[in-house]
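> Predicted model, plus sequence, below.
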Amino acid sequence: MQKMWVWVEEMQVNSNELKKKLLLARDQYGYIAWHRAAESGSLETLEILWSWAKEVGLNTDELLLAQSRYEKTALHMAAKETM
């Protein structure tokens, strides 16, 4: 995951905008990486994604409030895993 971040930096073509798009990219179910990290319970991954979001000036509400196509937030997914 960190290698992909480095590759974007190496491209040097509006890398902050590209990084924002990468952080908010959705899979076929509408989940972003933030959802998947919460689902797996990976605190380390959540911390890395949070740090990257702040680094590129992404409104962190976009991570916290992002909903999948099933209207689930990362909080819903993390809570499900702890039950």
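Good, I have the coordinates. Numbering: from 1, shown residues only.
> only C-alpha atoms for contact and neighbour calcs from this point on.
Noted.
> in the lengthiest helix in the chain, what counts as buried?
Counting residues, the longest helix found in the chain (DSSP state H) is helix 43-55. For helix 43-55, the neighbour count (16 or more other CA atoms under 10 Å) marks 45-46, 49-50, 52-53 as buried.
> average pLDDT across it?
Averaging pLDDT along helix 43-55 yields 92.
> about what we covered before: could I get the buried residues of helix 43-55 as CSV with distance to Glu17?
CSV is the format used below for the buried residues of helix 43-55 (distance: CA to CA, whole Å):
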residue, distance to Glu17
Thr45, 21
Leu46, 20
Leu49, 15
Trp50, 16
Trp52, 12
Ala53, 11
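> Let me know the closest of those residues to Arg26.
Leu49 (14.5 Å; CA to CA).
> Closest one of the buried residues of helix 43-55 to Leu75?
The closest of these, once distances to Leu75 are taken by CA to CA, is Leu46, at 11.7 Å.
> dump the residue contacts of the closest one.
34, 37-38 (CA atoms under 8 Å, 6 or more residues apart in numbering).
> Can you flag the buried ones in those residues?
Among the contacts of Leu46, those classed as buried by 16+ other CA under 10 Å are 34, 37-38.
> Looking at the residues you listed, which are in helices?
Those of the buried ones among the contacts of Leu46 lying in helices (DSSP H): 34, 37-38.
> could you pull out the strands for this structure?
Using DSSP state E, no strands are found in the chain.
> Tell me the spacing between the residue nearest to Leu65 when sequence neighbours are not counted and Leu43.
Nearest non-adjacent residue to Leu65, counting by CA to CA, 6 or more residues apart in numbering: Thr73, 6.1 Å away. Per CA to CA, to the nearest Å, Thr73 is found 16 Å from Leu43.
> and if you look at Leu65?
18 Å.
> Can you list the residue ranges for helices in this protein?
2-11, 15-24, 33-40, 43-55, 61-64, 74-82.
> can you name the two of the buried residues of helix 43-55 that are farthest apart?
Thr45 and Ala53 (12.2 Å).
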